[in-house]
Structures are given as structure tokens and as C-alpha cells.
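> What shape does this take:
(one chain, ligands or ions: 3)
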Amino acid sequence: MMRLSLRASLLMAPLAGLFFCSASFAAGAPQDLIRQGEYLSKASDCEVCHTAPGGTTFAGGLAFKTPFGVIYSSNITPDKSTGIGRWTEQQFSNVLKHGIRADGKNLYPAMPYTSYSKLTDADIHAMYAYFMAIQGVNHNPPENEMGFPYNQRLALKGWNLINFHYKPFEDDPQQSAEWNRGKYVATALGHCEECHTPRNLAMGLSNKAYAGAMVDGWEAFNISSDKVSGIGNWSHDDLMQYLRTGALPGKATTGGGMADVISHSLRFLTPEDMSALATYIKSVPAQQTSSRNRSAAGQDAQSNITQDVRGMPIDDAAPSGAMLYNGNCASCHGTAGQGIGENRYYPSLSQNSVVGSDKPNNLVQVILHGIDRENGAGDHIVMPGFGDNLTDAQIATLTNYVRNQYGNGGDNVDAAAVKTLRDNNVTVIPGYLLIAGGGVGALIVIALVVYFRRRGKLRQIS
Ligand code: HEC
Ligand code: HEC
Ligand code: HEC
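Ligands and ions are numbered 1, 2, ... in the order given. Predicted structure coming up:
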């Protein structure tokens, strides 16, 4: 009996060891490492691109429309057949650091590896542990719809040659530890520059860091330290409050891509990381991009619309801007655009960077599509879109009225410009460019130039 059990336990020992081993494999790495990886993946906002509308988190399939066709994000759950379940840590690291997939092919830079290449190996290790520990989802995102030559991933090596030179993150010994951490949070994790820095003709990031850029028909504002063109007159605490809650009464609220960044990513930052991020962004050299003499949010006028609408005849066919404002906006934003509610939950339209910007894009977008986002506490904040109820001409009239009444005036928009943003037009590359000889890489560069020139014309409707 005694011997038997001794034998049994001797026999069981290696088995138990084996069992323990595979169990610890199945459960992935230690819990703290997984939690650390989860935090890092939130701080770098992997979810927003790798989740399709209504789809499972990280199962991919979000469509990126480019003039060359549609790219779909990948399934990055650990499913062994449709996701990254069979990938080694090295293969996972190659994606983030070099934009190279497990099969050795290059990724399209729609996946911002240009920024993630700054991630440290320790952080990649934690993220790998996290992604291997989440629930695998069997889901094949649609195949990319790219015609020749844009379906040639080899050509992306050409793009990398021009735009991407792998360089690991290095601390600047002249700066404080907090500043260096902030730079890491902004670049390697938050990839702020991918939206806020203008691109050059080859679609790489230009050297005008944080000077503002157009992204999918939205203006990602100048957030350099210029006091007029940028956010140089925001305090460190102002910036922290905005990045955590998306609302800074008297200066800014948030919509478009930035609303997603705050809802899915920034609101989860630790106070230390948020403070570091603000310290770094506040230090970014000024980039002057506007000839205004006051900041976008500098307009203080709160002129009441009542005198513009009271007793005026109602022209149903072409209502005036004041009538449109009174009927659609005043209930929430006030008859003097002053905002309503505790902490101006319904923000003021004067002293608002969206209304006061040189470009009318974001105001048109907000009127068309509304806002649906989460704030720092995870509460939903909703403004309805008016795209279904107002015509392009009415939205143009209303936009011009609001900008003149509460913003800094500037160029007017017309119905055609509103239609462009409503349709989210993607430019078509003329056929002759496709057959004009030259290497595929050269073709792509030419096409990108055309794309950006045209996109500039179409999207920057001011
Ligand atoms: C701005 C959008 C965007 C963000 C943010 C983003 N990705 Fe991606 N990712 C993509 C797209 C698009 C692809 C597919 C590109 C292609 O087909 O060439 C991709 C591809 C990948 C792949 C390759 C998968 C495969 O099967 O080939 C991995 C792995 C990956 N992403 C991981 C991540 C991780 C981890 C993060 C966060 C640190 C992240 N991504 C953030 C857009 C994004
Ligand atoms: C996906 C693109 C995208 C990314 C990534 C992004 N932003 Fe933005 N950002 C925008 C857009 C678009 C706006 C304009 C929001 C609006 O219309 O209210 C904006 C607005 C802002 C503003 C408000 C400026 C003002 O004058 O009102 C700040 C500050 C800001 N972003 C900081 C950041 C920081 C810091 C990061 C990185 C952690 C970042 N953004 C990443 C797109 C982006
Ligand atoms: C039912 C209430 C409601 C109505 C009606 C409404 N809004 Fe809003 N508006 C909001 C809320 C809520 C926000 C979001 C504030 C935030 O993101 O914190 C907002 C935000 C905005 C912003 C700032 C957007 C940004 O990106 O920062 C602008 C500009 C704006 N509204 C203009 C308008 C105009 C013009 C109309 C009329 C067509 C209108 N709103 C009608 C509730 C409303």
C-alpha cells in the first residue's frame, strides 16, 4: 500500500509537472504581466482599429478606405486558425517594430508600426502575454480589396525605404524622467503624431511635429505650444483634464477620432502617465499655422440669436442660419451659444476650438454625424447628428452662421463641400497612372502624391 502510493506519486510527479507546465501555458503568463500588457494595449489603442462596428473586440475586420482599395484590420485574438494564436513573441514583435507579418510580408502603414517601433522589448513582452491570454475568436476578416499594383506588399518595402527608419526609443539625458516617460507615452504608445503631424508628399510624417493635419475629413488640431495656432495657452492641468475627460469648458470638447482615442485609450492612463504625457506635449516646439490673432477658442462673443429670429418671416424653403440654429441647436447650446448645464455639459459654441478653427471641417462633421463617446468616468455623452434632417445647403448655411456668430468667421462652406464630407469621398486614381511604367514602388509614391494633393483639395474645404 505504502509502496504503491509511493510509486504512484513518483510516477505522478513528472506528470504533475507536465500538467502544471501546460496549465501555466494555457493560462499564459503571470497575472501582473498580463495586466500590464492590457494596460499597454489600452494606452496604444489597439482595440479601436482591430474591432469592426458591432464585431467582437480584437477580431478585426474594420475597413480602411484608401484610394487604392480597402484594407481590413486583422484578427489579433489568439485563435489558432484565424488569429495570431500560433505566433511566437518574435513574430509579434516584428509586426510592432518593423511592420512585418509572421509570413515575412510587409504590412500596410494603416497599422501604425512607424510609432509602435519605439516600444521597448519589455512592453512588447507584456503585450504578447496579454494577447495570448484573451479569448480566441474564430473570425476571418474580409480579404483586402486592392487592385494591382497596390496589392503587391513588396512595394511597401519602397515606402519603408523612404519613410521608415527603425530607431529604438532613447531617453534624452537633458530632460527629466517625467518628460522622457511622456515622450514614450505620446510616441510609442499613444501615436499622437500619426494624426496630429502633417504628412509629406510620400505620406510619411513631416518634420512639423504636432502642427495639425487632416485625417479622414476631420482636422486633428495643431497641438504644438504656439499660443495662437496651437494649445500654448492651455495649462498643464487643462491638458490633463481634456485628455482624461474630453471636455475643457471654455476651450474645447471632443469629437471624431479624438473622441475614440479618449473613450478607448487615454481615459485609462494612470495619473502619472497622464501627467507625463501633458508635460511632454506642453514642451513640443511651437508651430505657427494660422494668421489669426487670437486662438481658435479665443472668441468670447455670446450674441443672442433671439433678435435674429423674433418676428422674422419663416422661409421654409431656405431658412436663415439664425432660424436653423434656433430650431436645431439652441435647446442644448443656449440661445446665446453660451452652453448649458453643470460644467457646461452642453458646451459653449463661443470659446470652442471646433467653431473657431480656420477650417470649417469639424463643425460640418459634428453637425452631420453628431457625437457618441465616453468621458473619463465612462459615461456616455451623445449629441444627435443632423445629417438625415438637414440638407447640404442648410448645413452650409448653419455652419457659416455659427462660425460668424461664435467663432472667428473665416471662409464660408457651400453645399458641395458639405456633400463631399457627407459622402466621405475617396478619390479615384486615374487609370493612366496605373499603366505608366516604372517600378511598382515608384507608382505607389506617385499615387500617394496625387492622393494627398487631391485629398488636400477635397477635404480642406476652407
Ligand atoms: C490605426 C489603426 C490600427 C491600430 C491603432 C493598430 N492596428 Fe494593428 N493593424 C491595422 C491594420 C489595418 C492591419 C492590417 C494591415 C495589412 O493588412 O497590411 C493591422 C495588422 C496587425 C497585425 C498583423 C496581423 C496579421 O494577421 O497579419 C498585428 C499582429 C497587429 N495589427 C497588432 C496590433 C497591436 C498589438 C496594436 C496595438 C499596439 C495595433 N495592432 C494597433 C490597424 C491598426
Ligand atoms: C485618430 C486620430 C487622432 C489621434 C491618434 C490623436 N488625436 Fe488628438 N485630435 C484628433 C482630432 C480629429 C481632434 C479634433 C477633435 C474635435 O473635433 O473636437 C483632436 C483634438 C485634440 C486636442 C484638442 C485641441 C484643441 O485645440 O481643441 C488635443 C489636446 C489632442 N487632440 C491631443 C492628442 C494627444 C496628446 C494624442 C496622443 C495621446 C492625440 N491627440 C491623438 C485626432 C487624433
Ligand atoms: C440634444 C442636445 C444637443 C443638440 C440639439 C445639439 N448639440 Fe451640439 N453638443 C451636444 C453635446 C452633449 C456635445 C458634446 C460635448 C462633449 O463632447 O463633451 C455637443 C458638442 C458640440 C460641439 C463641439 C464638438 C467637438 O468636436 O468638440 C459643437 C461644435 C456642437 N455641438 C454644435 C452643435 C450645433 C451646430 C447644433 C445644431 C445643429 C447642435 N450642436 C445641437 C448636445 C447637443
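> contacts, neighbours, all on C-alpha from now
Noted.
> low pLDDT regions in the stretch 351-462 of the chain?
Residue ranges of the stretch 351-462 of the chain with pLDDT under 70: 425-462.
> Looking from ligand 3, tell me which residue of it is nearest.
Nearest residue of the stretch 351-462 of the chain to ligand 3 (CA to the nearest ligand atom) works out as M383 at 4.1 Å.
> Kindly tell me how buried that residue is, as a neighbour count.
M383: 15 surrounding residues under other CA atoms under 10 Å.
> cool, F148 as well?
Counted with other CA under 10 Å, F148 comes out at 10.
> Surely it is within a helix?
No: going by DSSP: H, G, I helix; E, B strand; the rest coil, the assignment for F148 is coil, not a helix.
> Skipping adjacent residues, who's closest to V418 in space?
D392 (5.6 Å; CA to CA, 6 or more residues apart in numbering).
> Dig out what the residue of the stretch 351-462 of the chain closest to ligand 3 forms beta bridges with.
I371 (DSSP bridges).
> how close does it sit to E219?
Look at M383 and E219: by CA to CA, to the nearest Å, they are 19 Å apart.
> wait, is E219 part of a helix?
No: if the criterion is three-state DSSP, then E219 is strand and not within a helix.
> Need the pLDDT of it.
Looking at E219, its pLDDT is 94.
> Could you pick out the residues of the stretch 201-350 of the chain near ligand 2 for me?
Residues of the stretch 201-350 of the chain that fall close to ligand 2, judged by CA under 6 Å from any ligand atom: 218-221, 223, 231, 252-258.
> Can I get the residues you listed in CSV including distance to N424?
Below are those laid out as CSV (distance: CA to CA, whole Å):
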residue, distance to N424
W218, 10
E219, 14
A220, 16
F221, 19
I223, 25
I231, 28
A252, 25
T253, 23
T254, 20
G255, 16
G256, 13
G257, 14
M258, 18
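> Buried ones only from those, please, as a ChimeraX command.
Selection of buried members from those for ChimeraX, criterion 16 or more other CA atoms under 10 Å:
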select :218,219,220,221,223,231,252,253,254,255,256,257,258
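> Just give me the neighbour total for D237.
12.
> Provide a list of residues in contact with it.
D237 sits next to no residue when contact means CA atoms under 8 Å, 6 or more residues apart in numbering.
> which stretch of helix or strand covers it?
If you go by DSSP states H and E, D237 is part of helix 236-245.
> pull the CA atoms of that helix into PDB?
Extracted C-alpha coordinates of helix 236-245, given in PDB (Å, rounded to 0.1, in the frame of the first residue of the first chain):
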ATOM      1  CA  HIS A 236      -0.700  71.500 -17.800                       C
ATOM      2  CA  ASP A 237      -3.800  70.800 -15.800                       C
ATOM      3  CA  ASP A 238      -6.100  72.000 -18.600                       C
ATOM      4  CA  LEU A 239      -4.400  69.500 -20.900                       C
ATOM      5  CA  MET A 240      -4.700  66.600 -18.400                       C
ATOM      6  CA  GLN A 241      -8.400  67.400 -17.900                       C
ATOM      7  CA  TYR A 242      -9.000  67.400 -21.700                       C
ATOM      8  CA  LEU A 243      -7.100  64.200 -22.300                       C
ATOM      9  CA  ARG A 244      -8.900  62.400 -19.500                       C
ATOM     10  CA  THR A 245     -12.500  63.700 -19.900                       C
END
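> Report whether that helix contacts ligand 3.
No: Helix 236-245 lies out of reach of ligand 3 by CA under 6 Å from any ligand atom, never closer than 7.9 Å.
> List the buried residues for that helix?
Buried-residue list, helix 236-245, by 16+ other CA under 10 Å: 236, 238-245.
> Which SSE is immediately downstream of it?
Heading C-terminal from helix 236-245 (DSSP H and E), you reach helix 256-264.
> Mind giving me the packing neighbours of that following helix?
Using 3 or more CA pairs under 8 Å, 6 or more residues apart in numbering; DSSP states H and E, the elements in contact with helix 256-264 are helix 46-49, strand 218-220, helix 236-245, helix 361-369, strand 371-374.
> who touches the shortest one?
Defining contact as CA under 8 Å, 6+ apart, one finds that strand 218-220 is touched by 195-196, 212-214, 256-258, 359, 361-362, 365.
> Identify each buried residue in stretch 407-415, please.
Those would be 407-410, 412-414, for stretch 407-415 by 16+ other CA under 10 Å.
> circling back: figure out which of the helices and strands packed on helix 256-264 is closest to ligand 1.
Using CA to the nearest ligand atom, the nearest of those to ligand 1 is helix 46-49, at 3.4 Å.
> Centre of the chain to that closest one, how far?
Centroid separation between helix 46-49 and its chain, computed with CA atoms, centre = their mean, to the nearest Å, is 9 Å.
> avg pLDDT for it?
95.
> what do you get for stretch 231-248?
According to the model, stretch 231-248 has a mean pLDDT of 97.
> Would you state the strands of this protein in chain order?
63-66, 69-72, 145-146, 213-215, 218-220, 371-374, 380-383 (DSSP state E).
> these two touch, right, L205 and C195?
No: using CA atoms under 8 Å, L205 is not in contact with C195, being 9.4 Å away.
> Can you lay out the contacts of strand 218-220 as TSV showing distance to F148?
Formatted as TSV, the contacts of strand 218-220 follow (distance: CA to CA, whole Å):
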residue	distance to F148
C195	28
H196	31
G212	32
A213	29
M214	27
G256	32
G257	30
M258	33
K359	35
N361	33
N362	34
Q365	33
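> ok so, going back, ok, the residue nearest to V418 - contacts?
Listed by CA under 8 Å, 6+ apart, the contact partners of D392 are 415-416, 418-419.
> Intersect those residues with the contacts of ligand 2.
Okay, of the contacts of D392, nothing touches ligand 2 (CA under 6 Å from any ligand atom).
> Just the buried subset of those, please.
Counted by 16+ other CA under 10 Å, those give 418-419 as buried.
> how about JSON lines for the contacts of D392, with distance to D388 added?
What follows is the contacts of D392, written out as JSON lines (distance: CA to CA, whole Å):
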{"residue": "A415", "distance to D388": "15"}
{"residue": "A416", "distance to D388": "16"}
{"residue": "V418", "distance to D388": "13"}
{"residue": "K419", "distance to D388": "12"}
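> Okay, and which of the contacts of D392 map to helices?
Those of those mapping onto helices are 415-416, 418-419, per DSSP state H.
> what's the burial count for the nearest residue to S350 once chain neighbours are set aside?
The shortest distance from S350 to any non-neighbouring residue, by CA to CA, 6+ apart, is to Y406 (4.5 Å). Neighbours of Y406 under the rule other CA under 10 Å: 25.
> Appreciated, that's everything.
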